[in-house]
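Participant: 3D, please:
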Amino acid sequence: MNNFHTDEPLDTRVGHAGWSDHRYFSRWVFKELAGNVSTTGLIVMAATGQVIDDNDCDMLDDVATILTVADPRIYPLKLARLASAYGSSLAGQAAAVAAMEGAIVGPQISQDAAFWLIDVKTELGRSIEDPIEIRKVVEKHFSQKTRISGFGVPFRKVDERRLALTECVSARNRSEGAYWKLQNVIAEIVLDIRGVPANVGLSVAALSLDMGLRPGDLASLYIGLTINVFLANAVEGAKQAPGILRCIPDKHVEYVGVPPRTYAKTTCK
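Facilitator: Numbering: from 1, shown residues only. From the prediction side, this is the model:
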């Protein structure tokens, strides 16, 4: 047995349990946060450590609502249904969230698209509003990569969520953000040169950057803000617990992993 011991402290900014009040990111839960911070605000703090104002919270509420596509036929919500069919909504929810790690769908798209938008904006420098220069940079990137996050809409010509978010952004007077305007120009260019429409991931990425959110935080943030779609499917899946999901024929199951262990046969005396 290995005995591991270290005197190195493990620091945390997340919270501290007290006697009469508790701390959450250095703020008093009862004295400061209760009655003043929304659930969205708490989730933003959890994912980013940042405190945002009520206007930003309202905008993120719009984003969360627009991203509420809870159809169980969509991956990874299928996985939530499969895992929860064994009777536990928590297991179903956990399985679906875990499957989002590195996925090419969902919140990961916005995170990857945000990093890409930063690269494009950095390359453009002072030419950020020059459509000719933007086109040159975009064409270069698409000639170097087979796929860029934020583009492509399965089975339909436009992403209706992107259109809905555009209306909300306009209604909240946020259409003049540097990244928001840039992604609109880029979307038109990519549609022209590749025939591929932008999806809502590009729009969410641009809006998030204009809000001052860090790109590396976006996957965790939007998992938190859209947890309702996972929860809804996991809860209903556990209640229904359909036999067809609990008894999947072997021919439809493929194991991917290390091979089974083999042991030498021994004779016990």
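
Participant: how about low-confidence regions in this structure?
Facilitator: 1-6, 264-269 (pLDDT under 70).

Participant: For A164, give me its contacts.
Facilitator: I66 (C-beta atoms under 8 Å, 6 or more residues apart in numbering). For glycine as for every other residue, the C-beta is placed from the backbone atoms N, C-alpha and C.

Participant: That one and L231: what is the separation?
Facilitator: Separation of A164 from L231 (C-beta to C-beta, to the nearest Å): 22 Å.

Participant: try G106
Facilitator: Here G106 is placed at a distance of 15 Å from L231 (C-beta to C-beta).

Participant: Specify which residue of these two has the higher count of neighbours.
Facilitator: Taking other C-beta atoms under 10 Å, G106 and L231 do not tie; G106 has more neighbours (24 against 18).

Participant: isn't the more buried one right up against A99?
Facilitator: No: in this structure G106 lies outside contact range of A99 using C-beta atoms under 8 Å: 9.3 Å.

Participant: any residues in contact with both of the two?
Facilitator: What both G106 and A99 touch, as defined by C-beta under 8 Å, 6+ apart, is the set P76.

Participant: same for the strand or helix carrying S143, what does it pack against?
Facilitator: Using DSSP states H and E, S143 falls within helix 131-144. If you count contacts as 3 or more C-beta pairs under 8 Å, 6 or more residues apart in numbering; DSSP states H and E, helix 131-144 packs onto helix 107-124, helix 178-194.

Participant: Does anything pack onto the first one? Which helices or strands?
Facilitator: So that's helix 107-124. Right, helix 107-124 is packed against helix 131-144, helix 178-194, helix 200-210, helix 218-225 by 3+ C-beta pairs under 8 Å, 6+ apart.

Participant: Could you single out the most deeply buried of those helices?
Facilitator: Of all the helices and strands packed on helix 107-124, helix 200-210 carries the top mean neighbour count, a mean of 26, counting by mean count of other C-beta atoms under 10 Å.

Participant: could you say what helices and strands it packs with?
Facilitator: helix 54-66, helix 107-124, helix 160-171, helix 178-194, helix 218-225.

Participant: And the contacts of that helix?
Facilitator: 59, 63, 66-67, 109-114, 116-118, 149-151, 159, 161-162, 165-166, 169, 174, 177-180, 182-183, 186-187, 215, 218, 221-222.

Participant: before we move on, back to that, same list (the helices and strands packed on helix 107-124) but as a markdown table, adding distance to I43.
Facilitator: Listed next are the helices and strands packed on helix 107-124 as a markdown table, based on distance: least, C-beta to C-beta, whole Å:
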| stretch | distance to I43 |
| --- | --- |
| helix 131-144 | 32 |
| helix 178-194 | 22 |
| helix 200-210 | 13 |
| helix 218-225 | 4 |
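
Participant: Identify the structural domains in this structure and state their residue ranges.
Facilitator: Under automatic domain parsing, the residue ranges defining each domain of the chain are 11-51, 53-244.

Participant: Just give the number of residues close to D112.
Facilitator: Per other C-beta under 10 Å, the neighbour tally for D112 reads 21.

Participant: That one and G102: what is the separation?
Facilitator: 10 Å.

Participant: One more: E8?
Facilitator: 30 Å.

Participant: more neighbours, these two?
Facilitator: Between E8 and G102, counting by other C-beta under 10 Å, G102 is the more crowded of the two (8 against 5).

Participant: Hmm, Q111 and that one touching each other?
Facilitator: No: using C-beta under 8 Å, G102 is not in contact with Q111; the gap is 10.4 Å.

Participant: Which residue comes closest to P197 once chain neighbours are left out?
Facilitator: In space, and not counting its chain neighbours, P197 is closest to V153: 5.0 Å by C-beta to C-beta, 6 or more residues apart in numbering.

Participant: you'd agree that neighbour is in a strand?
Facilitator: No: in this structure, V153 is coil, not part of a strand, as judged by DSSP: H, G, I helix; E, B strand; the rest coil.

Participant: surely it meets D159?
Facilitator: Yes: V153 is in contact with D159 according to C-beta under 8 Å; the separation is 4.6 Å.

Participant: what sits in contact with each of the two?
Facilitator: Common neighbours of V153 and D159, counting by C-beta under 8 Å, 6+ apart, are P197, N199.

Participant: Alright, I will stop here.
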